[in-house]
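[1] pasting the structure only:
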């Protein structure tokens, strides 16, 4: 039962990741889609980031759940020695993928538009008078 649940979580994470890619690409500044309303465009990017975070959490839960199962079976004294599993590269790749998906989603969520800018208005540099050659010390 738990193996089927981890498989379902991983499939859900993959599908959510694909949806997040399409939603986030729609919100990118370089795309022509929805270019008339920049606020909606940025909200689409943030929404894609939220979906990325949810997909990363689903992958993290599935990978950690299976890793816990492997660790419990490894240290169980009633498990025969020839049927014990160890952590493989798939678990480490799953943890890394979940971490990167959540990190990328957090970066997309940080691109939320601000209501007003906090930068001071740009000032021009003062223009210097042309040098006559006599102003040296």
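    Now that the structure is in, tell me what you want to look at. Fair warning: this is a prediction, and the values are worked out from it, not measured in the lab.
[2] Which parts of the longest helix along the chain count as buried, going by neighbours?
    When the chain is parsed with DSSP state H, its longest helix is helix 38-75. Residues of helix 38-75 classed as buried by neighbour count (16 or more other Cβ atoms under 10 Å): 41-42, 44-63, 66-67. For the C-beta atoms, the positions are set from N, CA and C on the backbone; glycine is no exception.
[3] Show me the contact partners of stretch 65-79.
    Stretch 65-79 is contacted from outside by 2-3, 5-6, 9, 84-87, 91, 95, using Cβ atoms under 8 Å, 6 or more residues apart in numbering.
[4] What's the ChimeraX syntax to select whichever of those residues are buried?
    Burial among the contacts of stretch 65-79 is assessed by 16+ other Cβ under 10 Å; the matching ChimeraX selection reads:
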select :6,9,91,95
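[5] distance of residue 60 from residue 82?
    Computed as Cβ to Cβ, to the nearest Å, the residue 60 to residue 82 distance reads 31 Å.
[6] if you skip the residues just before and after it, what's nearest to the most centrally placed residue in the chain?
    By Cα atoms, centre = their mean, the chain has its centre lying nearest to residue 104, at 1.8 Å. Setting aside the residues directly before and after it, residue 104 is nearest to residue 52 in space (Cβ to Cβ, 6 or more residues apart in numbering), at 5.5 Å.
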